[in-house]
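Asks: Predicted structure and sequence below. I'll ask about it afterward.
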Amino acid sequence: MAETRKISFTLNGEKREFSVLPDEHLLHLLRRSGCKGVKFGCGEGSCGTCTVIIDGRAEYSCILYAFQADGRDVRTIEGVGDFDKPHPFQEALVESSGVQCGYCTPGMVLSAKALLDQDPRPTEAKAREYMDGVLCRCTGYEKIWTAFRKVSGGGSDGR
């Protein structure tokens, strides 16, 4: 049996310590720690349902080992807005009917948040490239893009 290792990182604004196995993925650590909004989809970094924000960047937690988060800042959907005070993109998704089954929603929100934190008014091309890694099987994306344009001030101006 493999030995566990102690790591610590900031999770949703709170410094936490964890015991992890050498081959444990961050996705599984986060879920066993109560962050159920981090979804398992493909397990190979293709669908984006496991997206989290690490040190300000959107990352796939299914392909990162838990020990790679040691000393870093990790944010999951549980740390982004809530029912009473949602993140502006969460609010825009609801207003635009951009949420259907909801499985991809945490990944979409975290990808959008990471981008908007870096660049509040990204070009549409940059936004599409940045958010391309989160797959949605329900919406056809148009309502998601409507929501994104609402919060980024984007339009069809080619920005």
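Replies: Looks like it arrived, so ask away.

Asks: just the strands in this structure please.
Replies: Ranges of strands within the chain are 5-11, 14-20, 51-54, 57-60, 73-75, based on DSSP state E.

Asks: And whichever helix in the chain runs longest, what's buried?
Replies: Longest helix in the chain, counting residues (DSSP state H): helix 105-118. Under the neighbour-count criterion of 16 or more other CB atoms under 10 Å, helix 105-118 has 105-116 buried. Where C-beta positions appear, they are placed from N, C-alpha and C, glycine not excepted.

Asks: quick one: which of the residues you listed is nearest R32?
Replies: For those, the minimum distance to R32 (CB to CB) is 16.8 Å, reached by P106.

Asks: Look at the closest residue to that closest one other than its chain neighbours and say how many residues are nearby.
Replies: Spatial nearest neighbour of P106, chain neighbours left out: I77 (3.7 Å); criterion: CB to CB, 6 or more residues apart in numbering. By other CB atoms under 10 Å, the residues close to I77 number 24.

Asks: Look up how far G107 lies from I77.
Replies: 8 Å (CB to CB, to the nearest Å).

Asks: Check D70 too.
Replies: Taken as CB to CB, the span from D70 to G107 is 23 Å.

Asks: Ok, E3 next?
Replies: Using CB to CB, one obtains 32 Å as the distance from E3 to G107.

Asks: same question, T51
Replies: Taking CB to CB, one finds T51 at 4 Å from G107.

Asks: do the same with V134
Replies: On the measure of CB to CB, V134 and G107 end up 4 Å apart.

Asks: Are there residues contacting both of the two? Which ones?
Replies: 47-49, 51 (CB atoms under 8 Å, 6 or more residues apart in numbering).
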